[in-house]
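[1] need coordinates for the following:
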Amino acid sequence: MNNNRIKVTIEDQIAHVCLSRPDKHNALDIKMFQAIDNTIRKLKKNRDIRAVIVSGTGQDFCTGLDIKSVMRSPLNAIKLLFKWLPWRANLAQRVSTGWRDLPMPVIMAITGRCWGGGLQIALGADFRIAHPESSLAIMEAKWGLIPDMGGTLALRTLLNQDTAKKLAMTGEEISAGQALALGLIMDVDEQPLEKAKQLATEICRQSPDAVSAVKRLYNKSWWSGPGAALARESAYQLRVLAGKNQKIKTFNQTHDKEVQKDFTARGQW
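    Next up is the predicted model:
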């Protein structure tokens, strides 16, 4: 799955995806867009993967669009923006929204600069962990553009509307600490990649059916009406209960002495 833009390794059912263009600070050219899109498609087909971690090679996660490279040919803009149906994602949007479509959770480990398209990519994940010295920015305003890579889907659940507008209209750079206070990221850690691995390992101990169902439930129900949300809860729960992974999880829990002791202490055993 490796190429000259993306490196992927799989260990203990965790896929490690590295943006690999460090000489350009992992800036997004057409090949990088295509490599991310292809990687997401391949990960989606691999049913053995239980979690995905995305990081950047070198000092920066991703500094955004490689303007010089992308604007070199009008054909590049067509490749990025073309779509058959207005409500479907184009190539530029799939590098963000594609992570949301994966059945397994995705964790972004952010170091250095996470600007523009880099932040749009990170917003597609379920979790974002950043180094204390990293910075984040919706940088498109600096180029007289709007953020059009699908990050809006996440921003509407993470930020107040006025805060999102301010960041998008000004292109302001914010620190990891500021991003944490705003709710744009989940955690700040000196070793974001190691923290991401710890979280992925913990998730891998759970039923993959339940984890996948929670991701779908929350992504689809966060802004839906209460009736639709309740209906999804019931439908997904029945599907999980009917699956073999739930039976395996229940068996393991009921035969785990530490779990039994904890449940007894809480009067649940």
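
[2] going forward, measure contacts and count neighbours with C-alpha atoms only.
    OK.

[3] so which helix or strand of the chain has the lowest pLDDT on average?
    The weakest-scoring helix or strand in the chain, judged by mean pLDDT, DSSP states H and E, is helix 257-265 (a mean of 52).

[4] in the stretch 1-150 of the chain, which ranges drop under the pLDDT threshold?
    Along the stretch 1-150 of the chain, segments meeting pLDDT under 70 span 1-2, 71, 76.

[5] confirm that residue 9 sits in a strand.
    Yes. Assignment of residue 9 by DSSP: H, G, I helix; E, B strand; the rest coil places it within a strand.

[6] bridging residues for it?
    Beta-bridge pairing for residue 9 (DSSP bridges): residue 16.

[7] show the contacting residues for it.
    The contact partners of residue 9, taken as Cα atoms under 8 Å, 6 or more residues apart in numbering, are 15-17.

[8] same question for residue 153.
    Applying Cα under 8 Å, 6+ apart to residue 153 gives no contacts.

[9] backbone dihedrals for it, please?
    Reported as degrees, to the nearest 10, the phi and psi values for residue 153 are phi -60, psi -40.

[10] picking that back up, let's see if you can find the most crowded of the contacts of residue 9.
    residue 17 (24 neighbours; other Cα atoms under 10 Å).

[11] so it touches residue 8, yeah?
    Yes. Using Cα atoms under 8 Å, residue 17 makes contact with residue 8 at a distance of 4.6 Å.

[12] show me the contacts for the residue nearest to residue 138 when sequence neighbours are not counted.
    Leaving aside its sequence neighbours, residue 138 sits nearest to residue 116 (Cα to Cα, 6 or more residues apart in numbering; 4.8 Å). For residue 116, the contact set (Cα under 8 Å, 6+ apart) comprises 63-65, 137-140, 147.
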